[in-house]
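> Next one to model:
(one chain, ligands or ions: 1)
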Amino acid sequence: MLLIGVNRSPYTRRVAITLKLYGVPYEQRDLSGFGNRVEVRVANPLGRIPALALESGETLIDSGAIVDHLDETYGGEKPLTPRTGADRRAVLKVAAMMMGACDKGLQAAYERNHHPPEKVHQPWIDDCMAQMKQAVAAIEATIDPTAPHLLLGRLTQADITAFIAERLARVGLGVDTEAEIPKLRALTRRLAEESAFRSTEP
Ligand SMILES: N[C@@H](CCC(=O)N[C@@H](CS)C(=O)NCC(=O)O)C(=O)O
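I've put the predicted structure just below:
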């Protein structure tokens, strides 16, 4: 199995952490969506990372679809996203909020990094950042600081997506997460000690 993408991409890292948590052996090709356009587009015509090339020859794209496949194949009785019901909805809702926060954060970064300075529209950046911050703040408000995980009393895809969104906000976008979302920051500090998270640090 070959994971295509660099772990500084929050979407790629989400997949890398999931593979590690399921104990699935894989190789990784460190390609970036912008730095390695040609190679990435060979793997994924959309030109985005991550892509996951399976032993069968099939290549999966989009982190959500990839982790869904990993849950189905390796998740057993307790997949990182529950298979049905209220528990599934709760995990998917947090994951959607956190992945959406990443999308908005990256739109802000792209506005700054992919336009000439005179064409950068600051109000758009501010609006994207506001949406990102509101999304993570909404999850922050639900956190019980005495609980080790966000939901269900165990590690789920909610925690993984929260981890990568908080890191993107703090490291990639300079948000003071310690001050703005302290409970989420405490959670990500704890998770960062765990092997699947530590070993995928870019
Ligand atoms: N919804 C996708 C988003 C993937 C994505 O946007 N990846 C970025 C890297 S962080 C990328 O490859 N961007 C290059 C581009 O959009 O051209 C997922 O969850 O995998």
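> For the lengthiest helix in the chain, buried residues please.
Criterion DSSP state H: the longest helix present in the chain is helix 85-113. For helix 85-113, burial by neighbour count (16 or more other C-beta atoms under 10 Å) applies to 90-92, 94-95, 97-99, 101-109, 111. All C-beta atoms are positioned from the backbone trio N, CA, C, and that covers glycine.
> Stretch 168-183 too?
Neighbour-count burial for stretch 168-183 flags L168, A169, R170, L173, V175, T177, I181 (criterion: 16+ other C-beta under 10 Å).
> now do stretch 49-66
I49, P50, A51, L52, A53, L60, I61, D62, S63, G64, I66.
> farthest-separated two in those residues?
With distances taken as C-beta to C-beta, the most widely separated pair in the buried residues of stretch 49-66 is A53 and G64, at 17.4 Å.
> what about G47, is that helix, strand or coil?
coil (DSSP: H, G, I helix; E, B strand; the rest coil).
> that older thread, and which of the buried residues of stretch 49-66 is nearest to the ligand?
Closest to the ligand out of the buried residues of stretch 49-66 is S63 (3.5 Å), distances taken as C-beta to the nearest ligand atom.
> Just give the nearest non-adjacent residue to the closest one, would you?
Y11 (4.1 Å; C-beta to C-beta, 6 or more residues apart in numbering).
> Could you count how many residues lie near that neighbour?
Residue neighbour count, defined by other C-beta atoms under 10 Å, stands at 24 for Y11.
> Any residue of the helix or strand hosting it touching the ligand?
Following DSSP states H and E, the helix or strand that holds Y11 is helix 10-21. Yes. Using C-beta under 6 Å from any ligand atom, helix 10-21 comes into contact with the ligand via Y11.
> So which elements touch that helix?
strand 2-4, helix 63-74, helix 85-113, helix 157-167, helix 195-198 (3 or more C-beta pairs under 8 Å, 6 or more residues apart in numbering; DSSP states H and E).
> Now find how far off-centre that helix is within its chain.
On the basis of C-alpha atoms, centre = their mean, to the nearest Å, helix 10-21 sits 8 Å off its chain's mean C-alpha point.
> got it, and stretch 48-64?
Worked out by C-alpha atoms, centre = their mean, stretch 48-64 lies 15 Å from the chain centre.
> Keeping just the C-alphas, turn it into PDB.
The C-alpha trace of stretch 48-64 is given here as PDB (Å, rounded to 0.1, in the frame of the first residue of the first chain):
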ATOM      1  CA  ARG A  48      -4.600  16.700  -4.700                       C
ATOM      2  CA  ILE A  49      -3.000  14.700  -1.900                       C
ATOM      3  CA  PRO A  50      -3.600  12.300  -0.300                       C
ATOM      4  CA  ALA A  51      -4.100   9.400  -2.600                       C
ATOM      5  CA  LEU A  52      -3.800   5.800  -1.500                       C
ATOM      6  CA  ALA A  53      -2.700   3.200  -4.000                       C
ATOM      7  CA  LEU A  54      -3.900  -0.200  -2.900                       C
ATOM      8  CA  GLU A  55      -2.300  -3.600  -3.600                       C
ATOM      9  CA  SER A  56      -5.100  -4.300  -6.100                       C
ATOM     10  CA  GLY A  57      -4.000  -1.500  -8.300                       C
ATOM     11  CA  GLU A  58      -6.900   0.700  -7.400                       C
ATOM     12  CA  THR A  59      -6.100   4.300  -6.200                       C
ATOM     13  CA  LEU A  60      -8.400   6.000  -3.700                       C
ATOM     14  CA  ILE A  61      -8.500   9.700  -3.300                       C
ATOM     15  CA  ASP A  62      -9.800  12.200  -0.700                       C
ATOM     16  CA  SER A  63      -9.100  11.600   2.900                       C
ATOM     17  CA  GLY A  64     -12.700  11.000   3.800                       C
END
